[in-house]
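Undergrad: Following is a predicted model, sequence given first.
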Amino acid sequence: MVSDFEGSLIGNGSPVSLESLSITVLAEDTVLYETPFLGQHGISLYLETLRDGEVYHVLMDVGQNPLALVNNMEELDIDLDDLDAIVLTHCHYDHTRGIAQLLEASSRSGIPVIAHPSIFRPHYVTDPEWRHIGMSPEDSARKIEDAGGKLVLTSDPMAVIPGLFVSGQVPRKNKIELPPKGLFTSQGGMAVPDRMEDDMSLYALIEGVGMVVLTGCAHAGIINIIDHGASLFPDMPLEGVVGGLHLIEAEPEVIQWTAEALGEKEPSWIGAGHCTGFGGQMALAAILQDMFFPLRTGLIIHVDEDGMELESVVDVRF
């Protein structure tokens, strides 16, 4: 359904939970074998939720190539006009580029676009040369709103739709998951390290099952993100994790620590891709074994009280 649900801060009452969640990988760095889907460097997840007979649709990130994204949506009969909200997990171009173009392609106006207040800051790398990698000028706040989006900027946890919550700014508590190196922003006319404090994730609460954590890149650290979710929803066990874990440039000892720490969280399953990297995927597969699967463009993950089921044309497990 197209919802009029207004996002709200998480209160003290019991949170609403979902009957089911379907996650479709619309954009990812790899593609399912022998399928018509187009891959790209980036990630975009399409979420369909069911609660009390009402269906909601949320897009988490948009990748960097709107033509490839729209192609995959058309192949899967996904309609932009059905969107109840768009969530941008952080500023990086491979998660945000083309959002204004997507909004213009929808006949709806006022689609909530939820992001951190600092998402439009200057953001760049300097090695091997200066390069801006944040929000494109074509996706400025004004252009998003002119295209029909309704910006909702928050650093606090809040409900996106019933049963689906954005994390807000994630506390960085452990000493292993450090801010990414080599990223900069501008402050007082000077280049200063960027800690990626705009990095946010989603928590989906499934009735009788638990919490599914959805990440863009997990720049805040996947263990920090899971722990933050556990502090917000202490009665919800961890069911699964989906998204990028940004281990692709991590030191081997950090990859191993992360894989072991994830195993200790005892999820039922983890689907990781994009910036996780092959080494990260192999470490996760070694520890989690059949509980792990790599993400692929076109993969669909169904979660309900009966558990998790993968829908694809090939076996995606290692």
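TA: That came through, no problem.

Undergrad: Just the strands from the stretch 101-250 of the chain, written as ranges.
TA: Secondary structure of the stretch 101-250 of the chain (DSSP state E, counting those that start in this stretch): strands at 111-115, 124-125, 131-132, 149-153, 158-161, 164-166, 183-187, 190-193, 202-206, 210-215, 238-244.

Undergrad: Throw those strands into CSV and include mean pLDDT, mean neighbour count and distance to Q281, thanks.
TA: Where C-beta positions appear, they are placed from N, C-alpha and C, glycine not excepted. Shown next, in CSV, are those (pLDDT from 0 to 100; neighbours: other CB atoms under 10 Å; distance: least, CB to CB, whole Å):
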stretch, mean pLDDT, mean neighbour count, distance to Q281
strand 111-115, 99, 23, 28
strand 124-125, 96, 16, 24
strand 131-132, 96, 11, 27
strand 149-153, 98, 17, 33
strand 158-161, 97, 21, 28
strand 164-166, 98, 27, 26
strand 183-187, 95, 16, 23
strand 190-193, 94, 11, 28
strand 202-206, 99, 25, 21
strand 210-215, 99, 26, 14
strand 238-244, 99, 25, 11
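
Undergrad: Tabulate those (JSON lines), appending distance to L76.
TA: What follows is the strands of the stretch 101-250 of the chain, written out as JSON lines (distance: least, CB to CB, whole Å):
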{"stretch": "strand 111-115", "distance to L76": "19"}
{"stretch": "strand 124-125", "distance to L76": "34"}
{"stretch": "strand 131-132", "distance to L76": "32"}
{"stretch": "strand 149-153", "distance to L76": "22"}
{"stretch": "strand 158-161", "distance to L76": "20"}
{"stretch": "strand 164-166", "distance to L76": "20"}
{"stretch": "strand 183-187", "distance to L76": "33"}
{"stretch": "strand 190-193", "distance to L76": "40"}
{"stretch": "strand 202-206", "distance to L76": "20"}
{"stretch": "strand 210-215", "distance to L76": "18"}
{"stretch": "strand 238-244", "distance to L76": "17"}
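
Undergrad: closest to V25 out of those?
TA: strand 238-244 (8.5 Å; CB to CB).

Undergrad: closest one to G39 among the strands of the stretch 101-250 of the chain?
TA: Closest among those, using CB to CB: strand 238-244, at 14.2 Å.

Undergrad: Compute the inter-axis angle for the closest one and strand 202-206.
TA: Counting by axes from the mean of the first three to the mean of the last three CA atoms, to 10 degrees, strand 238-244 lies at 150 degrees to strand 202-206.

Undergrad: Quick check: mean pLDDT of whichever helix or strand comes after strand 238-244?
TA: Counting by DSSP states H and E, the next helix or strand C-terminal to strand 238-244 is helix 252-264. The average pLDDT within helix 252-264 is 97.

Undergrad: what about dumping the CA coordinates of helix 252-264 to PDB?
TA: Taking C-alpha atoms only, helix 252-264 is exported to PDB below (Å, rounded to 0.1, in the frame of the first residue of the first chain):
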ATOM      1  CA  PRO A 252      43.100  -9.900   8.100                       C
ATOM      2  CA  GLU A 253      42.900  -9.800  11.900                       C
ATOM      3  CA  VAL A 254      40.000  -7.400  11.800                       C
ATOM      4  CA  ILE A 255      38.200  -9.600   9.300                       C
ATOM      5  CA  GLN A 256      38.700 -12.700  11.500                       C
ATOM      6  CA  TRP A 257      37.600 -10.800  14.600                       C
ATOM      7  CA  THR A 258      34.500  -9.600  12.900                       C
ATOM      8  CA  ALA A 259      33.600 -13.000  11.600                       C
ATOM      9  CA  GLU A 260      34.100 -14.600  15.000                       C
ATOM     10  CA  ALA A 261      32.100 -11.800  16.800                       C
ATOM     11  CA  LEU A 262      29.300 -12.300  14.300                       C
ATOM     12  CA  GLY A 263      29.300 -16.000  15.000                       C
ATOM     13  CA  GLU A 264      29.100 -15.300  18.700                       C
END
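
Undergrad: Which neighbouring elements make contact with it?
TA: Packing contacts for helix 252-264, counted by 3 or more CB pairs under 8 Å, 6 or more residues apart in numbering; DSSP states H and E, involve helix 222-232, helix 277-288.

Undergrad: Mean neighbour count, distance to I300 and mean pLDDT added to those, as TSV?
TA: Shown next, in TSV, are the helices and strands packed on helix 252-264 (neighbours: other CB atoms under 10 Å; distance: least, CB to CB, whole Å; pLDDT from 0 to 100):
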stretch	mean neighbour count	distance to I300	mean pLDDT
helix 222-232	21	22	99
helix 277-288	19	19	96
